[in-house]
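> turn this into a model:
(4 chains)
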There are 2 protein chains.
Amino acid sequence: MARRAATKTPATLSDLDARKATILEAVVNEHIDTAQPVGSSSVASNADLAVSSATVRSEMVALEREGYLIQPHTSSGRLPTEKGYRYFVDHLTSGVLGPAQQLQIKDFFAGVRGEVEDVLEQTSTLLTQLTSYTSVVVGAGHSHSTILSVQLVSLDARHQVLVTVFSDGSVVKHSVVTQFDVTHVDVAEASRQLHALLLGLTIGSRVQVPSRSDHVASLVRESVSLLLAEQPTVEGEQVFIGGSSRVADAFDGVETVRKVLSILEQELLVVSLVQDILDQGLSVAIGSEHGFELLSSCAVIVAPVTIDGEPAGAVGLLGPTRMKYREAMAAAEAVSQQLSHHFTGGE
Amino acid sequence: MARRAATKTPATLSDLDARKATILEAVVNEHIDTAQPVGSSSVASNADLAVSSATVRSEMVALEREGYLIQPHTSSGRLPTEKGYRYFVDHLTSGVLGPAQQLQIKDFFAGVRGEVEDVLEQTSTLLTQLTSYTSVVVGAGHSHSTILSVQLVSLDARHQVLVTVFSDGSVVKHSVVTQFDVTHVDVAEASRQLHALLLGLTIGSRVQVPSRSDHVASLVRESVSLLLAEQPTVEGEQVFIGGSSRVADAFDGVETVRKVLSILEQELLVVSLVQDILDQGLSVAIGSEHGFELLSSCAVIVAPVTIDGEPAGAVGLLGPTRMKYREAMAAAEAVSQQLSHHFTGGE
DNA sequence: GTCTAGCACTCGGTAGAATCGAGTGCTAAC
DNA sequence: GTTAGCACTCGATTCTACCGAGTGCTAGAC
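Numbers count the residues shown, from 1 in each chain, chains lettered A, B, ... in the order given. Okay, the predicted model is just below:
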């Protein structure tokens, strides 16, 4: 699934002379603005190259031959191809946010507080407000965190709640149901044993459980298996999606909207999408560059979040391939940095 | 916000003679099927009334005068109005699910297990699969539950996690940040005091906190205020929305899709929407019957979930006003009953 | 009286023709 | 290498005619 762009791009992409590059950039910019095919004359007048439309046209023919542009039909303007967008993005002078947006980010992180989950969720709202695109915030799971505390609480004779606190501050709950009645004393004892047994371990650890057949031992065995059996890779990862209504006006076809929404519904897919892109070392995935067929008309921007230098999640933006890369990338960048700083500095 | 339908309906709605009722029903049924205006001839042939289209026409004129139907323009077929749908729904012979769907529900509840949250989330997926509409599952908050256990866990010198277990099995986490370094001993002592202080209380209770100025007392005060200050009405309520991509094909206009999605994004709104409808004693809210302007082209079906006879949440379905009421209501009904049973019987 | 067959009428939707114009490719001249 | 000029293409728009589904009305049948 991870196969494209990273390998192919450098070789093929950097061989555009200055004028071609300027023209390509102008086409992309205008198309992003207007959503229409771009003609040679508007490029000629628009860009700061002092050449006529005829010259632009012949250059466009070349750009089309090289795969950066396409014509929807003979004698219409040109559109950027995926490759065209890729070149554009790779050669983007990193954008600067407007002062209003900078202020908005600053205010947000100055004022935000509360639980990690709430901060992440509000961050996704912030990103959507900043960019008008659908945003994704992924918080890393606690797979590497150690267990700080384990407690078993009795609801009634056959129902207990297993509460685990991890060193990253996350709390996980498991329901334990027994086939036999247990007393408060049993639960307290099991709780004590579990705490002693699991303290300092991570999810996925193996541990020696008591093999006795009494109630306490059963409780302990059951609890341990519930807790340690979790998939260490994905469990505990948190996804917050903001502004999914924006897909409705980012894409024209109802069918496209449906496809994109159906992906967004599956949080695990979204996590792996973001992770995939990060793994490829990209900050933008355009069209088919990520492996998701259904998102072929989308571009995804990601920016990693770190805590104390350790990867701890990511923020992302999802829009049409003709999204406003410069602004969106700047926003994602700024927010991910602030978020990293927020969690690193002191919560 | 709760004003309509319940009061007005009985007087105005029940005065349709059998033939008008049959015609109205036929119009609604066909429109739901085809999404097109319905003409007199198809009604005449379709329904089991043995009259000509001309007779149907004159009846339709009457139905239009009384507000059950409208003509989009002169000389086209008729559409049901909100009032027409309301009559249709009120006189609906309660539908029966197909055997395949019954089996699907049965299998689902036979196989489902795990945390309450997971069950509710999967239930929303089930509802969407059954009906092809967007589904909503609301789990009641723990506002009336008592506190079973409170525990303060130290992350580092200035960060603690407050973990509270409620009698309904829910677990709530709060982060506590201090301006001063605290020792493990302090935390343990504060934890002990909190447990003693809060055991058996509910959210919103008032409690006497120590007024001393030492670290332990500060920790206790801070924790208590975090925990008890929560809004007892909405906090802790869980919302699971399934199949939001279905709105894309349930409505035609992009603008409508956008509006509906933007509502679904705001979970608190969804909760209050569902709650409103339940409070009105309705099981279906059509068009403007719920107070939400943006959802005026939607119908919402709700069915309450109870645990041991106590209200504990609801399931809902959201679709276009021309949704398949009979099937959708039957599905919501069946699922809510099974869900109630699932949580009542034994988790 | 109630129902229905018949008929003139309305009006949205569709198909085709004409037209427009943005944009192209090509070529000859600079 | 660049550009002005020009014929050409083809989607989009407009206009017209027309079809047909569906209506409302009325006169006659039951």
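
> do I have it right that residue A:158 meets residue A:176?
No. Look at residue A:158 against residue A:176 with C-beta atoms under 8 Å: they stay out of range, at 9.2 Å. All C-beta atoms are positioned from the backbone trio N, CA, C, and that covers glycine.

> the two: which is more packed in?
residue A:176 (21 against 15; other C-beta atoms under 10 Å in any protein chain shown).

> before we move on, which element is that one in?
Using DSSP states H and E, the element containing residue A:176 is strand A:171-177.

> and that strand, what's buried?
A:171, A:172, A:173, A:174, A:175, A:176 (16 or more other C-beta atoms under 10 Å in any protein chain shown).

> and the next element down the chain from it?
Toward the C-terminus from strand A:171-177 - assigned by DSSP H and E - lies helix A:184-198.

> mean confidence for that next one?
With pLDDT averaged residue by residue, helix A:184-198 scores 95.

> stretch A:123-132 too?
Average pLDDT, stretch A:123-132: 98.

> ok, residues contacting that stretch?
With C-beta atoms under 8 Å, 6 or more residues apart in numbering or on different chains as the test, stretch A:123-132 has contacts from A:101, A:104-105, A:108, A:112, A:133-137, A:240-243, A:246, A:315, A:317, A:319, A:324, A:327-328, A:331-332, A:335, A:339.

> only C-alpha atoms, please: export it in PDB.
Provided in PDB are the C-alpha atoms of stretch A:123-132 (Å, rounded to 0.1, in the frame of the first residue of the first chain):
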ATOM      1  CA  THR A 123      -8.400  21.300  17.900                       C
ATOM      2  CA  SER A 124     -10.100  19.600  15.100                       C
ATOM      3  CA  THR A 125     -12.800  22.200  15.300                       C
ATOM      4  CA  LEU A 126     -10.200  24.900  15.200                       C
ATOM      5  CA  LEU A 127      -8.600  23.400  12.100                       C
ATOM      6  CA  THR A 128     -11.900  23.300  10.300                       C
ATOM      7  CA  GLN A 129     -12.600  26.900  11.200                       C
ATOM      8  CA  LEU A 130      -9.200  27.900  10.000                       C
ATOM      9  CA  THR A 131      -9.400  26.200   6.700                       C
ATOM     10  CA  SER A 132     -13.000  25.300   5.900                       C
END
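
> hang on, the earlier thing: of the contacts of stretch A:123-132, buried ones?
By 16+ other C-beta under 10 Å, the contacts of stretch A:123-132 give A:101, A:104-105, A:108, A:133-137, A:240-243, A:246, A:315, A:317, A:319, A:324, A:327-328, A:331-332, A:335, A:339 as buried.

> for the buried residues of strand A:171-177, give me JSON lines that also has pLDDT and distance to residue B:200.
JSON lines is the format used below for the buried residues of strand A:171-177 (pLDDT from 0 to 100; distance: C-beta to C-beta, whole Å):
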{"residue": "A:171", "pLDDT": "92", "distance to residue B:200": "22"}
{"residue": "A:172", "pLDDT": "90", "distance to residue B:200": "25"}
{"residue": "A:173", "pLDDT": "92", "distance to residue B:200": "20"}
{"residue": "A:174", "pLDDT": "92", "distance to residue B:200": "24"}
{"residue": "A:175", "pLDDT": "92", "distance to residue B:200": "21"}
{"residue": "A:176", "pLDDT": "92", "distance to residue B:200": "22"}
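
> what residues of stretch A:156-167 count as buried?
A:159, A:160, A:161, A:162, A:163, A:164, A:165, A:166, A:167.

> find the nearest non-adjacent residue to the third one, please.
Spatial nearest neighbour of residue A:161, chain neighbours left out: residue A:153 (4.7 Å); criterion: C-beta to C-beta, 6 or more residues apart in numbering or on different chains.

> the first one too?
Ranked by C-beta to C-beta, 6+ apart and with sequence neighbours excluded, the top spatial neighbour of residue A:159 is residue A:177, at 5.8 Å.

> swap in the fifth one?
Residue nearest to residue A:163 in three dimensions, not counting chain neighbours: residue A:151, with 4.8 Å by C-beta to C-beta, 6+ apart.

> tell me which element the one you found is part of?
Applying DSSP H and E, one finds residue A:151 within strand A:147-156.

> send the alpha carbons of the following helix or strand past that strand over as PDB?
Sequence-wise, the next helix or strand downstream of strand A:147-156 (DSSP H and E) is strand A:159-166. Presented in PDB, the C-alpha positions along strand A:159-166 are these (Å, rounded to 0.1, in the frame of the first residue of the first chain):
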ATOM      1  CA  HIS A 159     -20.400  -7.300  37.600                       C
ATOM      2  CA  GLN A 160     -17.100  -5.500  38.200                       C
ATOM      3  CA  VAL A 161     -15.400  -2.700  36.500                       C
ATOM      4  CA  LEU A 162     -11.700  -2.800  35.800                       C
ATOM      5  CA  VAL A 163     -10.100   0.600  35.700                       C
ATOM      6  CA  THR A 164      -6.600   1.000  34.500                       C
ATOM      7  CA  VAL A 165      -4.600   4.200  34.500                       C
ATOM      8  CA  PHE A 166      -1.600   4.500  32.200                       C
END
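
> any residues touching strand A:159-166, and which ones?
Contacts of strand A:159-166 (C-beta under 8 Å, 6+ apart): A:142, A:145-155, A:171-178, A:182, A:187, A:194, A:198, A:219, A:223, A:226-227, B:149, B:151, B:153, B:161, B:163, B:165, B:169, B:171, B:347.

> quick one: buried ones out of those residues?
A:142, A:145, A:147-155, A:171-176, A:178, A:182, A:187, A:194, A:198, A:219, A:223, A:226-227, B:149, B:151, B:153, B:161, B:163, B:165, B:169, B:171, B:347.

> name every sheet partner of whatever helix or strand residue A:306 lives in and say whether each one runs parallel or antiparallel.
Assigning secondary structure by DSSP H and E places residue A:306 in strand A:298-307. Counting by DSSP bridges, the strands paired with strand A:298-307 are strand A:284-286 (antiparallel), strand A:310-320 (antiparallel).

> other SSEs contacting the strand or helix carrying residue A:105?
Following DSSP H and E, one finds residue A:105 within helix A:99-111. If you count contacts as 3 or more C-beta pairs under 8 Å, 6 or more residues apart in numbering or on different chains; DSSP states H and E, helix A:99-111 packs onto helix A:116-131, helix A:325-345.

> and chain B, which of the buried residues of strand A:171-177 contact it?
Counting by C-beta under 8 Å from any C-beta of the partner chain, A:171, A:173, A:174, A:175 from these sit close to chain B.

> what is the subsequent helix or strand relative to the lowest-mean-pLDDT helix or strand in chain A?
Sorting the helices and strands of chain A by mean pLDDT, DSSP states H and E puts helix A:9-13 at the bottom, at a mean of 45. With elements assigned by DSSP H and E, the helix or strand that comes after helix A:9-13 is helix A:18-34.

> now the angle from that following helix to helix A:325-345?
Comparing the axes of helix A:18-34 and helix A:325-345 via axes from the mean of the first three to the mean of the last three C-alpha atoms, to 10 degrees yields an angle of 80 degrees.

> do helix A:18-34 and DNA strand C come into contact?
No. Interface with DNA strand C: helix A:18-34 contributes nothing (C-beta under 7 Å from any atom of the strand), its closest point being 9.0 Å away.

> what's the following helix or strand after that helix?
Next along from helix A:18-34, by DSSP H and E: helix A:40-46.
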